[in-house]
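J.: sequence and computational prediction follow.
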Amino acid sequence: MAISKKMEKALNAQINAEMYSSYLYLSMASDLNSKALDGFSSWMKTQAQEELYHAMKLYDFVLERGGSVVLDTIEAPQTEWKSPLAIFQGAYKHELLVTSLINNLVDLAIKEKDHATNNFLQWYVKEQVEEEASADEIVQKLKLIGSQGNGIFMLDKEMGARAPLFAFPTGE
């Protein structure tokens, strides 16, 4: 059975939301780089890669179900934040939004009696639990540290240890 037009449209909107998430995290990475927090920036670049992966999973699924992928304009993200804490609070808030979008897709799949899409979306439901927990953990660490340079330096180093999904070009 092919995907319904209503479900196809909703999944296309989610592809756009995931692409926006990738843009947002790249923008956060850039701001962190400008503050000489390369470890935090590296963490955000990896997060941007994950969001792109999420978009491509949806892209492939829509096509696999006989639908069409329709790409739309990606909104420009914010470009500057006051502090690393503000950035990660923003990331956490954004993940809560994405969770609500995924939940809405699951609700639609159930309403449409689209069991295949509902099953597919369960991966995203589980992923969002991890995404929220990860961002919240960093927010809590940053709150504990406050604005102390040593703590920020140590956490920046820890954050830089997160392995990227693929290497970014270095310009060399």
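T.: Looks like it arrived, so ask away.
J.: poorly predicted segments of the chain, please.
T.: The chain contains residues with pLDDT under 70 at 163, 165-172.
J.: cutoff 80 now
T.: Where the chain drops to pLDDT under 80, the residues are 1, 147-149, 162-172.
J.: contacts for stretch 146-162 next, please.
T.: Contacts with stretch 146-162, where a contact means C-beta atoms under 8 Å, 6 or more residues apart in numbering, come from 37-40, 42-43, 46, 83-84, 138, 141-142, 144-145. (Each C-beta comes from the backbone N, C-alpha and C, glycine too.)
J.: what residues of stretch 60-80 count as buried?
T.: 61-62, 65, 67, 77 (16 or more other C-beta atoms under 10 Å).
J.: distance between that stretch and the chain's centre?
T.: 13 Å (C-alpha atoms, centre = their mean, to the nearest Å).
J.: gap between the two ends of it?
T.: Stretch 60-80 stretches 33 Å from its first residue to its last (C-alpha to C-alpha, to the nearest Å).
J.: outside of it, which residues touch it?
T.: 2-3, 7-8, 11-13, 15-16, 19-20, 23-24, 26-27, 30-31, 59, 90, 116-117, 120.
J.: repeat that with 7 Å
T.: The contact list for stretch 60-80 (C-beta atoms under 7 Å, 6 or more residues apart in numbering) reads 2-3, 8, 11-12, 15-16, 19-20, 23-24, 27, 31, 59, 116, 120.
J.: farthest-apart pair in the buried residues of stretch 60-80, please.
T.: Greatest spacing in those, by C-beta to C-beta: 65 and 77 (29.7 Å).
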